[in-house]
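[1] sequence unavailable; structure follows:
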């Protein structure tokens, strides 16, 4: 019987999968060869005084979580993609960009173009405001509902 060749990349990928999915064990088999990856999860009993100390220490973390909860996707000033396609920030490579960070826009101004099925679709501002963030790069593929620009 020949010694098993160890596929280090497969083991790393399985370990990553364990972490991402919070599984404790995963096994794959090919023929008579198997790779099994496990991880140990430590559970610690917390007494009431310790829990209170931890919650007090985590108060700044909770505040940060509230701020993080306001992601670009759920920001009230987010302009989202109405379609799947490729986003362009200018009409052609030599033209100036439609918008820049800090630009003041009016309702109806073109912010960018999304090409879908060989059709160029202008994405317009739905309100007056200032562009505080451009969340995409020029020529980037975008998904339906993806936040593209933040206007405040």
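    It's in. Not measured: the values here are computed from a predicted model. Numbers count the residues shown, from 1 in each chain.

[2] state the mean pLDDT of stretch 118-135.
    Averaged over stretch 118-135, pLDDT sits at 93.

[3] give the buried residues for it.
    Residues of stretch 118-135 classed as buried by neighbour count (16 or more other Cβ atoms under 10 Å): 121, 123, 125, 129, 131, 134-135. All C-beta atoms are positioned from the backbone trio N, CA, C, and that covers glycine.

[4] which one of those residues is nearest residue 148?
    Distance to residue 148 across these (Cβ to Cβ) is lowest for residue 135, with 5.8 Å.

[5] so who does that closest one touch?
    By Cβ atoms under 8 Å, 6 or more residues apart in numbering, residue 135 lies in contact with 72, 146-150.

[6] can you rerun that using 10 Å?
    72-73, 75, 78-80, 87, 142, 146-150 (Cβ atoms under 10 Å, 6 or more residues apart in numbering).

[7] out of those residues, who's the most crowded?
    Neighbour counts for these (other Cβ atoms under 10 Å) peak at residue 149, which has 26 neighbours.

[8] residue 142 is in contact with that one, correct?
    No: judged on Cβ atoms under 10 Å, residue 149 makes no contact with residue 142 at a distance of 11.2 Å.

[9] please tell me the pLDDT value assigned to residue 66.
    Residue 66 is given a pLDDT of 52.

[10] now swap in residue 11 and tell me
    Looking at residue 11, its pLDDT reads 78.

[11] which secondary structure state does it sit in?
    What DSSP: H, G, I helix; E, B strand; the rest coil gives for residue 11 is helix.

[12] that one is in contact with residue 27, isn't it?
    No: the criterion here is Cβ under 10 Å, and residue 11 misses it with residue 27 at 11.6 Å.

[13] between those two, tell me which one has more neighbours.
    Between residue 11 and residue 27, counted using other Cβ under 10 Å, residue 11 has the larger neighbour count: 14 against 10.

[14] so who does that one touch?
    Per Cβ under 10 Å, 6+ apart, neighbours of residue 11: 28, 35-37.
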